[in-house]
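Asker: The following block contains a protein sequence and its predicted model.
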Amino acid sequence: MAFETIKYESSEGIATVTFNRPEVFNSLNEVMHKELKSVISIIKKDKSLRVLIITGEGKAFCAGQDLNDRSVNNEDEELDLGESIERKYNPLIKSIYNLEIPVICKINGVAAGAGVGIALACDFVIAHEKVSFIQAFCKIGLVPDSGNSYFLPKLVGMARAKELCMLGDKLPAQTALEYGLISRVYSIDTIDEEVQKLAVHFSKAPTYGLSLIKKALNESNDNTLNEQLELEKNLQRAAGHSNDYKEGVAAFLAKRTPEFKGN
Amino acid sequence: MSFKDIKVDIQNQSILVITLNRSDVFNALRTNTLKEIASVLITCSDEIRCVVLTGGEKVFAAGADINELDVKGALESINDVRTSYWEIIKEFKKPIIASVNGFCLGGGCELAMHCDIIIAGDNAQFGQPEINLGIMPGAGGTQRTVKAMGKSNAMLMLLTGTFIDAKAAQKMNLISEVVPVQTTMLRSLEIAKLIASKSPLAASAIKSAVLASYDNGLSASLKYEKMVFSGVLSTQDKKEGIQAFQEKRKPKFKGI
């Protein structure tokens, strides 16, 4: 399938989605939302995929909403931004967050606004040392969306979240790493290779088990200990029926490397 | 018996699992589907102590078969044979667990509400979207929702035709539990096994007494409860239950 605003590739279990509007810092417009929706649905259906990399083309990762898009800036009519979020951003964030394969976000350049939300909905945010993160919403009188107000306090604590969201200052990659906002930082020369290594690792991992781990960790944000223990019971029960678990145990007993099929 | 629209399986010799098997049309409930469910229930053997009804991991049932609805007028609807199939499901004496994943809409939601316990996977979505087609629920959807969720919640769901997700449905008391989608069936079977280990006479008696509250006021229902209670007191299973309790062993219920 050919896309206009994104690029999609997949090989040997690794899928890559690249935002491809470099001339506008990969900001999101109506078409890009549609294409992201359909590419995620393709990825969901393709059971051969074991890991997804999301990244951007050019200098920026993603600058958030394209303010030139008529669906969010139309002088002729009063717009309901809530509608745009309900219809485009919320489903996008949920679909990435709930994807049943590990998602690596390779931050190749600045991430702003909803661009940060997309990154934080991924499982591993990996940046190079020159990038920065900006909660730009407060600068135009808006509110952090795309899950930013959910992810940020959990990852960096309330005090820092308020600094970031209410001042909108640039957060350099190294500080973001120290804050716990992102997973890893590499030099600009090594990031591609390191992300590739990680993706190859996941392409041979017990994917089904990883999807259950992801679910357990994601849900822990909302659960009490009792609910979480119950969830762990249920997930372990599901994992115990998987082929990869059988393979894992068999390989362990035979002292060989397991060959996981991802199911 | 062979079926077109459902699959039937017996687990632990005591649990009947009915799986809706028309995934290409999101398990839309055409008349034949209801007929097959009703006929399985009617012919189910005494050994069966509990039924689990599911649509698989992706979808429970997305509603009625729109093509069938399209040709129906007022008279056909009143004389509709479907009503008798719903009646059989409603009157079935043994506990039924609905094991719901994915869309559970319209007639599908009404089918789930015919069941005694609803367990949902975290991808489940409930709704009565009939109003979007200019019609309304016709298999108990207006009545069982209000009983379960209360007036305001029921009205919100029915009048707007919007879907509610599993967690919200649980908060509104439409369903009992939300579990990871991969484990909905396992959890449903766990509950079914528990129920199957009890006296089937007590289970049916409890089911009928609880459901009496749908038709009667409190006084009449309490009278009915007393009557059923007396009946249960005279069973062999009651003797066995009490004896096992005193002897600190597990009871073996026979359904007599």
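Answerer: That came in fine, so what should we check first? Numbering: from 1, shown residues only, chains lettered A, B, ... in the order given.
Asker: hey, where'd the helices end up in the stretch 1-150 of chain B?
Answerer: Per DSSP state H, counting those that start in this stretch, the stretch 1-150 of chain B carries helices over the ranges B:31-42, B:66-70, B:74-78, B:82-91, B:107-114, B:141-149.
Asker: Then the stretch 1-150 of chain A?
Answerer: Using DSSP H, counting those that start in this stretch, helices in the stretch 1-150 of chain A cover A:30-45, A:81-84, A:90-97, A:114-121, A:148-156.
Asker: How about the residue of the stretch 1-150 of chain A found nearest chain B: what's its closest non-neighbour residue?
Answerer: Closest approach between the stretch 1-150 of chain A and chain B, counting by C-beta to the nearest C-beta: residue A:98, at 8.6 Å. Yep, even glycine has a C-beta here, placed from its N, CA and C like the rest. Distances taken as C-beta to C-beta, 6 or more residues apart in numbering or on different chains place residue A:218 nearest to residue A:98, at 7.7 Å, with adjacent residues excluded.
Asker: helix or strand for that neighbour, which one?
Answerer: In this assignment (DSSP states H and E), residue A:218 forms part of helix A:207-220.
Asker: just how off-centre is that helix within its chain?
Answerer: Put simply, helix A:207-220 sits 14 Å off its chain's centre (C-alpha atoms, centre = their mean, to the nearest Å).
Asker: Highest mean neighbour count out of the helices of the stretch 1-150 of chain B?
Answerer: Highest mean neighbour count among those (mean count of other C-beta atoms under 10 Å in any protein chain shown): helix B:107-114, with a mean of 27.
Asker: hmm, back to that, retrieve the pLDDT associated with the residue of the stretch 1-150 of chain A closest to chain B.
Answerer: Note on residue A:98: pLDDT of 94.
Asker: what's the answer for residue B:240, then?
Answerer: Looking at residue B:240, the pLDDT reads 94.
Asker: what about it, how many residues close to it?
Answerer: Look at residue B:240: counted by other C-beta atoms under 10 Å in any protein chain shown, it has 16 neighbours.
Asker: Export the helix or strand containing it to CSV, keeping only CA atoms.
Answerer: Using DSSP H and E, the element containing residue B:240 is helix B:236-246. The C-alpha trace of helix B:236-246 is given here as CSV (Å, rounded to 0.1, in the frame of the first residue of the first chain):
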residue,chain,number,x,y,z
GLN,B,236,-30.7,-35.6,48.6
ASP,B,237,-28.1,-33.0,47.7
LYS,B,238,-29.1,-30.9,50.7
LYS,B,239,-28.4,-34.0,53.0
GLU,B,240,-25.1,-34.6,51.2
GLY,B,241,-24.1,-31.0,51.5
ILE,B,242,-24.7,-30.8,55.2
GLN,B,243,-23.2,-34.2,55.9
ALA,B,244,-20.0,-33.3,53.9
PHE,B,245,-19.7,-30.0,55.8
GLN,B,246,-19.9,-31.9,59.1
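Asker: got a pLDDT number for the closest residue in space to residue B:114 that isn't next to it in sequence?
Answerer: Closest residue to residue B:114 apart from its sequence neighbours, by C-beta to C-beta, 6+ apart: residue B:89 at 5.0 Å. Note on residue B:89: pLDDT of 97.
Asker: what does residue A:1 give?
Answerer: pLDDT recorded at residue A:1 is 67.
Asker: per-residue pLDDT, the residue nearest in space to the middle of chain B?
Answerer: Centroid-nearest residue in chain B: residue B:115, 1.2 Å away (criterion: C-alpha atoms, centre = their mean). For residue B:115, the model assigns a pLDDT of 98.
Asker: for residue 31, what are its contacts?
Answerer: I went with chain A, as the question did not name one. Going by C-beta atoms under 8 Å, 6 or more residues apart in numbering or on different chains, residue A:31 touches A:4-5.
Asker: if you could check chain B rather than the one you did, that'd help
Answerer: Residue B:31 is in contact with B:65, B:68, B:81-82, B:85, counting by C-beta under 8 Å, 6+ apart.
Asker: at 6 Å instead, please
Answerer: For residue B:31, the contacting residues are residue B:82, by C-beta atoms under 6 Å, 6 or more residues apart in numbering or on different chains.
Asker: how close does it get to residue B:16?
Answerer: Using C-beta to C-beta, to the nearest Å, we find residue B:31 at a distance of 22 Å from residue B:16.
Asker: do residue A:200 as well
Answerer: 47 Å.
Asker: more crowded one of those two?
Answerer: Between residue A:200 and residue B:16, residue B:16 has the larger neighbour count (other C-beta under 10 Å), namely 22 against 15.
Asker: what pairs with the more buried one across the strands?
Answerer: Beta bridges link residue B:16 to residue B:10, residue B:51, judged by DSSP bridges.
Asker: Wait, it touches residue B:51, no?
Answerer: Yes - with contacts counted by C-beta atoms under 6 Å, residue B:16 reaches residue B:51, the gap being 4.7 Å.
Asker: Report the set of residues contacting both of those two.
Answerer: Joint contacts of residue B:16 and residue B:51 (C-beta under 6 Å, 6+ apart) do not exist.
Asker: Please parse the chain into its domains.
Answerer: Because you didn't say which chain, this covers chain A. Here the domain assignment for chain A is A:6-203, A:207-253, based on automatic domain parsing.
Asker: right idea, wrong chain: chain B
Answerer: B:6-196, B:200-246.
Asker: which one of these is the most hemmed in?
Answerer: Ranked by mean neighbour count, the domains of chain B are led by domain B:6-196 with a mean of 19 (mean count of other C-beta under 10 Å).
Asker: buried ones in the worst-scoring helix or strand of chain A on mean pLDDT?
Answerer: For chain A, scoring each helix and strand by mean pLDDT, DSSP states H and E identifies helix A:81-84 as the least confident one, at a mean of 90. Burial within helix A:81-84, assessed by neighbour count using 16 or more other C-beta atoms under 10 Å in any protein chain shown, is assigned to residue A:84.
Asker: if we can go back for a sec, return the backbone torsion pair for the residue of the stretch 1-150 of chain A closest to chain B.
Answerer: Dihedral pair for residue A:98: phi -100, psi 0, per degrees, to the nearest 10.
Asker: quick one: the strands in the chain?
Answerer: Picking chain A for this. Listed in chain order, the strands of chain A (DSSP state E) span A:6-11, A:14-19, A:51-56, A:60-62, A:103-107, A:110-112, A:124-128, A:132-134, A:171-172, A:184-186.
Asker: hm, I was asking about chain B
Answerer: Ranges of strands in chain B, per DSSP E, are B:6-11, B:15-20, B:50-54, B:59-61, B:96-100, B:103-105, B:117-121, B:125-127, B:164-165, B:177-179.
Asker: where does chain B come near chain A, residue by residue?
Answerer: B:179-180, B:182-183, B:186 (C-beta under 6 Å from any C-beta of the partner chain).
Asker: Switch those residues over to a markdown table; also include pLDDT and distance to residue A:155.
Answerer: Converted to a markdown table, the residues of chain B next to chain A look like this (pLDDT from 0 to 100; distance: C-beta to C-beta, whole Å):
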| residue | pLDDT | distance to residue A:155 |
| --- | --- | --- |
| B:179 | 93 | 27 |
| B:180 | 91 | 24 |
| B:182 | 89 | 27 |
| B:183 | 92 | 28 |
| B:186 | 92 | 33 |
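Asker: Need the max-distance pair from those.
Answerer: Of all pairs drawn from those, the one with the longest distance (C-beta to C-beta) is B:180 and B:186, at 9.6 Å.
Asker: Just send the strands of chain A back as TSV, with mean pLDDT too.
Answerer: Rendered in TSV, the data for the strands of chain A read as follows (pLDDT from 0 to 100):
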stretch	mean pLDDT
strand A:6-11	96
strand A:14-19	98
strand A:51-56	98
strand A:60-62	97
strand A:103-107	98
strand A:110-112	97
strand A:124-128	98
strand A:132-134	97
strand A:171-172	97
strand A:184-186	98
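Asker: how many neighbours does the nearest residue to residue B:241 once chain neighbours are set aside have?
Answerer: Of all residues not flanking residue B:241 in the chain, residue B:251 sits nearest, at 4.9 Å (C-beta to C-beta, 6+ apart). By other C-beta under 10 Å, the residues close to residue B:251 number 18.
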